[in-house]
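Asker: sequence? don't have it. structure:
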């Protein structure tokens, strides 16, 4: 699963969050960060050692907060939020906020109780 769109280089959405759900997964999903340069080349500082493991076992959606600082990870076992800091490795921010299945996640800027 990935999150990316065309935007200005100074905007946080120019970073790419990726969960390799299409591969054979051993253990919980991990979140990696890639940065795209002007030519479309990707670079990363993510390694299996510094990528956070999610408590969401089967990821169904990933959604960036409007500020680009928080990343909601939804899945069959709940919802978890991670701190997204540009091209630096993602950091865990919360544990599971619910244990109910969450298929989609969206941010509502004016009503979010999580401040980033």
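Answerer: Cool, the structure landed. Given the structure is predicted, the values throughout are model-derived calculations rather than measurements.
Asker: all contacts plus neighbour counts: C-alpha atoms, from now on.
Answerer: Fine.
Asker: So what's the residue count around residue 37?
Answerer: 12 (other CA atoms under 10 Å).
Asker: now swap in residue 108 and tell me
Answerer: 10.
Asker: Do you know the pLDDT at it?
Answerer: In this model, residue 108 is scored at 81, pLDDT.
Asker: and it, helix, strand or coil?
Answerer: Three-state secondary structure (criterion: DSSP: H, G, I helix; E, B strand; the rest coil) places residue 108 in coil.
Asker: ok, now how distant is it from residue 66?
Answerer: Remark: distance between residue 108 and residue 66 (CA to CA, to the nearest Å) = 8 Å.
Asker: which residue packs closest to the most centrally placed residue in the chain, ignoring adjacent ones?
Answerer: Centroid-nearest residue in the chain: residue 71, 4.4 Å away (criterion: CA atoms, centre = their mean). Nearest residue to residue 71 in three dimensions, chain neighbours excluded: residue 64, at 4.6 Å (CA to CA, 6 or more residues apart in numbering).
Asker: Also residue 103?
Answerer: Per CA to CA, 6+ apart, closest to residue 103 is residue 60, 5.5 Å.
Asker: Show me the shaky parts of the protein.
Answerer: By pLDDT under 70, the low-scoring segments of the chain are 1-25, 109-116.
Asker: ok, which stretches of it are strands?
Answerer: For the chain, the strands defined by DSSP state E cover 2-3, 15-18, 32-36, 42-43, 59-64, 70-75, 78-83, 91-92.
Asker: Give the pairing partners of the fifth one; include direction for each.
Answerer: What it means is strand 59-64. strand 70-75 (antiparallel) (DSSP bridges).
Asker: tell me the angle of the strand it pairs with relative to strand 78-83?
Answerer: With axes from the mean of the first three to the mean of the last three CA atoms, to 10 degrees applied, the angle from strand 70-75 to strand 78-83 works out at 160 degrees.
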